[in-house]
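> Next input, structure requested:
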Amino acid sequence: MTAAGIYVHVPFCLTRCGYCDFNAYAGLDHLSNRYVRALAAEARLHAPGWAGVPFTSVFFGGGTPTTLDPVELVSLIAELRRTLAVDDDSEVTVEANPDTVDTDSLTALRRGGVNRLSMGAQSFDPLVLQALERVHQPSSVRRAFADARAAGFDDVNLDLIFGADGESLGSWRHTVEQTVELRPEHVSAYALTIEPATPLGRAVDAGRTPSPDPDGQADMFELACELLGAAGYEHYEVSNWALPGRECRHNLGYWERRPYLGLGAGAHSSRDGHRWWNVRPPEQYLQTVESDMVPIGGQEFLDPEAERLESVFLGLRTSAGVNASDVDPDLAEPFVHEGLLEERDGRLVLSERGLFLANDVVLALTG
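Residues are numbered from 1 along each chain as shown. Just a heads-up that it's a prediction; the model follows:
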C-alpha cells in the first residue's frame, strides 16, 4: 500500500506578517486547548477510511505550531500514533518561530517524538526582517538553532525569503553565508511573492511599497544556487536544498503525488485523484468537528489527463524531472535550446536557470 503523509495545520501566530497569505491568525491563543482536542477528534473521524494505510511523515505547519504548549503537541503526536498507522520511524516535523522556542521546549518536543525542526529564519538582515514584519532578530535564529542542537535535533531546516523591499544582493549573500555557517541539514529559499489580499499586497497596489524586482530575485536565486551548491547542498526541488540524504520526506510526498491527510482549519487532503479541503475559519472548524462531522469545505476529482498533467507539473519542479515521453517534444525543444531544460538519460530536467522560471516553463509544457 502506498505510504502517505499527515499534515496538521495550527493557525495560531504571535503576529501576522504583512506578506503572509496562509490561514493564520494572531490573538486566537485562547482557542488552543479546544483546537488540539478537535485535531485529535478529526483524526478519529478519518481513521476508518485510512485503516491500514502506513503514514511515513507527519508535518505540523501553520501558523506557528510552537505557539502551542509542548505538552499539548507531544500528546497530540501520541494520539495520532494511536489513531492512525504512523510508522515508528516516521519523519515528524514541527515548524517554529525562533522566538517561540527554547532549550526546554525543544527538548520536550524531541523527547516526545519530533525528529525534524523547520525554523522560519527568513533573513539575517535586521532591515529585511523589518520589511517582512518579522518580530524576531538574526540573533534569535542563532540562539534557537543552538537550542535545537542542544535539545538533540540533528535534522533542522531553515526557511529563507528573498526579494523583500530594500534587500540588496550583498544582504542576501550575507543571509545565505550565515545560513551555511550554521550548517542546517536542509534549506528552503523562497522568492517573495505579493498576494493581493495581504497588507503587503495592498501596500504594493497603493504604491507605498515597491513590488519585488524579478531580475533582482533571479540574481538572488542564482547566488543561492552557487553558495549552497558549493557548501555541499543538493538542489532537489525548486526552492529546496538538502545535505545528501536529508531531503524532506513529507514534501517529497507532495511532489511525488503520494496520498496525504490534512487535519485542521483549511488543511488539504489528497488520495486517488480525489482532493478535499477543510473549512478555513477556526471557529467554524471547531464547531463542525465538535458536532462529530468531518469539516470538509470543498472537494474536486481529477480525471486521468489532469492527473498526468499534475505529475508533469510537480515532477519538473524536482531534480528527478519527468520521462521525456510524458512531454510533447515540439513544446519541449525550444526550452532545451534555450538551456532551461536538459535531457538526461531519457528524462527532462530543469536546469538551475530553468528552475527559477519553473512555473512559466511547466505551464507552457502542460498548457
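
> all contacts plus neighbour counts: C-alpha atoms, from now on.
Will do.

> List the buried residues of the helix or strand harbouring P334.
Element membership for P334, per DSSP states H and E: helix 329-337. Judged by neighbour count (16 or more other CA atoms under 10 Å), helix 329-337 contains these buried residues: 332, 335-336.

> Next: stretch 21-33.
By 16+ other CA under 10 Å, the buried positions in stretch 21-33 come out as 21, 23-25, 32.

> What lies in contact with it?
The set of residues that contact stretch 21-33 without belonging to it, under CA atoms under 8 Å, 6 or more residues apart in numbering, is 10-16, 62-63, 67-68, 72, 195, 197-198, 265-266, 280.

> Can you verify my assumption that G216 contacts G163?
Yes. At 7.1 Å, G216 counts as touching G163 under the criterion of CA atoms under 8 Å.

> ok, now how distant is D88 from L341?
As for D88, its distance to L341 is 39 Å (criterion: CA to CA, to the nearest Å).

> Tell me which residue of this protein is furthest from the middle?
Among residues of the chain, the one most distant from the C-alpha centroid is D330; the distance is 33.6 Å, by CA atoms, centre = their mean.

> Report pLDDT for it.
pLDDT recorded at D330 is 93.

> Need the mean per-residue confidence for the top helix by length along the chain.
Counting by DSSP state H, the longest helix found in the chain is helix 214-230. If you average the pLDDT over helix 214-230, you get 97.

> Centre of the chain to it, how far?
Taking the mean of its C-alpha atoms, helix 214-230 sits 20 Å from the chain's own mean (CA atoms, centre = their mean, to the nearest Å).

> Please name every helix or strand in contact with it.
Under the contact criterion of 3 or more CA pairs under 8 Å, 6 or more residues apart in numbering; DSSP states H and E, helix 214-230 touches helix 169-182, strand 234-237, helix 352-356.

> Can you name the residues in contact with it?
Where contact means CA under 8 Å, 6+ apart, the residues beyond helix 214-230 that reach it are 162-163, 169, 172-173, 176-177, 180, 191, 234-235, 241, 352-353, 356.

> how about 6 Å then?
Residues outside helix 214-230 that contact it (CA atoms under 6 Å, 6 or more residues apart in numbering) are G163.

> So which bits of that helix are buried?
For helix 214-230, the buried set under the neighbour-count rule, 16+ other CA under 10 Å, comprises 217-218, 220-221, 223-225, 228.

> and those residues as CSV, adding distance to A364?
What follows is those, written out as CSV (distance: CA to CA, whole Å):
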residue, distance to A364
Q217, 21
A218, 19
M220, 24
F221, 21
L223, 26
A224, 26
C225, 24
L228, 29
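
> mind exporting stretch 354-367 as PDB, just the C-alpha atoms?
What follows is stretch 354-367, C-alpha atoms only, in PDB (Å, rounded to 0.1, in the frame of the first residue of the first chain):
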ATOM      1  CA  GLY A 354      15.200  26.900 -15.600                       C
ATOM      2  CA  LEU A 355      14.200  26.100 -12.000                       C
ATOM      3  CA  PHE A 356      13.800  29.800 -11.300                       C
ATOM      4  CA  LEU A 357      11.400  30.000 -14.300                       C
ATOM      5  CA  ALA A 358       9.800  26.700 -13.400                       C
ATOM      6  CA  ASN A 359       6.200  27.900 -13.300                       C
ATOM      7  CA  ASP A 360       6.500  29.600 -16.700                       C
ATOM      8  CA  VAL A 361       8.200  26.600 -18.300                       C
ATOM      9  CA  VAL A 362       5.900  24.000 -16.800                       C
ATOM     10  CA  LEU A 363       2.700  25.900 -17.800                       C
ATOM     11  CA  ALA A 364       4.000  26.100 -21.400                       C
ATOM     12  CA  LEU A 365       4.700  22.400 -21.400                       C
ATOM     13  CA  THR A 366       1.300  21.400 -19.900                       C
ATOM     14  CA  GLY A 367      -0.800  24.200 -21.300                       C
END
